[in-house]
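Trainee: Predicted structure and sequence below. I'll ask about it afterward.
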Amino acid sequence: MKKLIFFLISFFILPLTTFALDPDYDVTNMYVKANILANGNMDVKELIVLKGDFNGYERDLVYTNSNLKTYTPGNIDFSNSAIYNAKGISNISIKGGKVSTISYDMLDTNSFTDFSLVSSAYNGDTNKYTQTTASNGYNIRMYDYTYSSKTAFLISYTVDNAVVIHNDVAELYWTFIGSNFDDSIGDSIIKVYLPSSDTSDYFRIWAHGDLSGDINFIEDNNEKNGAVATISDLSANSQIDIRMTFNKSLITGTNVKYSQEDAFDKILEVEQQRANAANIERERVKNLYYGEKYLTIVFYVALILAFIYVYNKFDKERKPQFQNKYNREFIDSYNVEVLDYLMHHDITPNAMS
């Protein structure tokens, strides 16, 4: 009877718990494609790829930073001003699906499945997501049960009022991977496109964050129309942001932020100071790396020499002076009775004779 009860309990309970996985995964890729719109907004797509065992993934979409300094038009700190906060995030949609090979072009694929926005979901669910409002953005929880394979989550949204218009230039200064991203990322590519190409001298690009990353212009038909930042092995909680100045004639919308300042030269000054500090840090890291490398070499050389010394002094087999297999002659100074004792362990009459 007890076995029957246990079987019935297992029959009803096990199917409910089978899909609850202990998370064990790696974020192998995070690709971002951002299009600055002529109205000052920015359309963003994020492709986050996980490999391993998991029930889904959680992503915070943040559009304000309370740590930035407050400002008034005409009085702006161009290193960390709150003018760079956006007005909001809208048009959120989620897609996803199992994948085998990964490429940046998957940001524009139509092969992913649409996720449904629900009020609540549970571990083991698939193709669902929940959206919770926070003071500085939204928390997105995406559900797609995955066991020992890869799943890609494609997040699309619009950042409202992302661009700042200065007296002389337009500017985008945006954090694409924030310090609240709690997982390391194997491979990251972030591309930001202007509304159209810009041939003016105002088009400048910078990236801040991991010192091993690179940033370059995107060019089509020999015309610059964007920036691309690439980072490998990005540590958890590492912030990556991109800053761009460009011709303000590319922004034709009227519902944008105005600083009422001549900003271009001030931005260049700030970024030059940051570049100098970054170069000093790179040199420090380089010296630290090679210093540790040389110290490691010296340590192992000293260890080998110490081993050789100890071996020769205490453990090396000594070479005897006698090289023959047998000693066939006795030492001349021995008396006859001594020889007899050595041979027979006794002194016999033979020795006396």
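Mentor: All right, it came through fine. Residues are numbered from 1 along each chain as shown.
Trainee: Okay, now the unreliable bits of this structure?
Mentor: Segments of the chain classed as low confidence (criterion: pLDDT under 70) are 1-21, 278-279, 281-290, 315-316, 318, 320-334, 352-353.
Trainee: CA atoms of the lengthiest strand in it as CSV?
Mentor: Taking residue count as the measure and DSSP state E as the definition, the longest strand of the chain comes out as strand 137-160. Once non-C-alpha atoms are left out, strand 137-160 reads as follows in CSV (Å, rounded to 0.1, in the frame of the first residue of the first chain):
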residue,chain,number,x,y,z
GLY,A,137,13.6,51.2,-16.3
TYR,A,138,12.2,47.8,-16.6
ASN,A,139,13.0,44.3,-15.4
ILE,A,140,12.4,41.6,-18.1
ARG,A,141,12.3,37.9,-17.1
MET,A,142,12.3,35.6,-20.2
TYR,A,143,11.3,32.0,-19.8
ASP,A,144,12.6,29.3,-22.2
TYR,A,145,13.5,25.9,-20.6
THR,A,146,16.9,24.8,-21.9
TYR,A,147,18.9,21.7,-21.0
SER,A,148,22.5,21.3,-22.2
SER,A,149,22.1,23.4,-25.3
LYS,A,150,22.1,27.0,-26.5
THR,A,151,19.2,29.5,-26.5
ALA,A,152,19.2,33.0,-27.9
PHE,A,153,17.0,35.8,-26.5
LEU,A,154,16.3,38.7,-28.9
ILE,A,155,15.2,41.9,-27.1
SER,A,156,14.0,44.9,-29.1
TYR,A,157,13.1,48.3,-27.6
THR,A,158,13.2,52.0,-28.3
VAL,A,159,15.1,54.5,-26.2
ASP,A,160,13.1,57.7,-26.1
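Trainee: Packing partners of that strand?
Mentor: Applying 3 or more CB pairs under 8 Å, 6 or more residues apart in numbering; DSSP states H and E, one finds that strand 137-160 makes contact with strand 42-62, strand 88-99, strand 126-134. C-beta coordinates here come from the backbone N, C-alpha and C atoms, glycine included.
Trainee: following that strand, which helix or strand comes up?
Mentor: Where DSSP states H and E defines the elements, the next helix or strand beyond strand 137-160 is strand 163-165.
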